[in-house]
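[1] I'd like to go over a predicted model; first the sequence, then the structure.
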Amino acid sequence: MRSVAAALPRALKSLGISRRTREAQALWLWPQLVGPDLARETGALMLRGGTLWVTASSTPLAHQLHLERRGLIDRLNEMIGAPVVRDIRFRQAGPSR
């Protein structure tokens, strides 16, 4: 008998949802990737066509993260276990309510 961990990837692939599962992982793992302080100041919105869209609380923060995006992409793909994210785009979020 196979373990669930061994059977799950094959089952997801046969159902055609492994790609969407990996895309969801990119959003879910963002706070873990950047840590609690940056997680409060940023938010992963969506992953479309290999581009992860992330909001930042300020323009300077968005710029700083843009400069660090190659390392963020590499670490995030390593956490996911597949090259899902090819680029990250940052934009300033509106004021918090």
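    Good, I have the coordinates.
[2] quick check, F90 in contact with E68.
    No - taking contacts as C-beta atoms under 8 Å, F90 lies outside contact range of E68: 10.0 Å. From N, CA and C alone the C-beta is placed, and that goes for glycine too.
[3] of these two, give the one with the bigger neighbour count.
    More crowded of F90 and E68, by other C-beta atoms under 10 Å: F90, with 22 against 12.
[4] give me the distance between that one and V34.
    F90 sits 12 Å away from V34, going by C-beta to C-beta, to the nearest Å.
[5] find residues that contact each of the two.
    Taking C-beta atoms under 8 Å, 6 or more residues apart in numbering as the criterion, F90 and V34 both touch T42.
[6] what's the nearest residue to H66 if we skip its chain neighbours?
    F90 (5.3 Å; C-beta to C-beta, 6 or more residues apart in numbering).
[7] report the contact partners of that neighbour.
    42, 54-56, 62-63, 65-66, 69.
[8] what about it, distance to L33?
    To L33, F90 is 14 Å away according to C-beta to C-beta.
[9] how close does the residue nearest to H66 get to S3?
    From F90 to S3 the distance is 39 Å (C-beta to C-beta).
[10] can you check L72 too?
    For L72, the distance to S3 - C-beta to C-beta - is 32 Å.
[11] quick one: the strands in this structure?
    Ranges of strands within the chain are 42-48, 51-56, 87-92, based on DSSP state E.
[12] take these and write them to JSON lines, including distance to Q25 and mean pLDDT.
    Compiled in JSON lines, those are given as follows (distance: least, C-beta to C-beta, whole Å; pLDDT from 0 to 100):
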{"stretch": "strand 42-48", "distance to Q25": "9", "mean pLDDT": "95"}
{"stretch": "strand 51-56", "distance to Q25": "11", "mean pLDDT": "97"}
{"stretch": "strand 87-92", "distance to Q25": "15", "mean pLDDT": "96"}
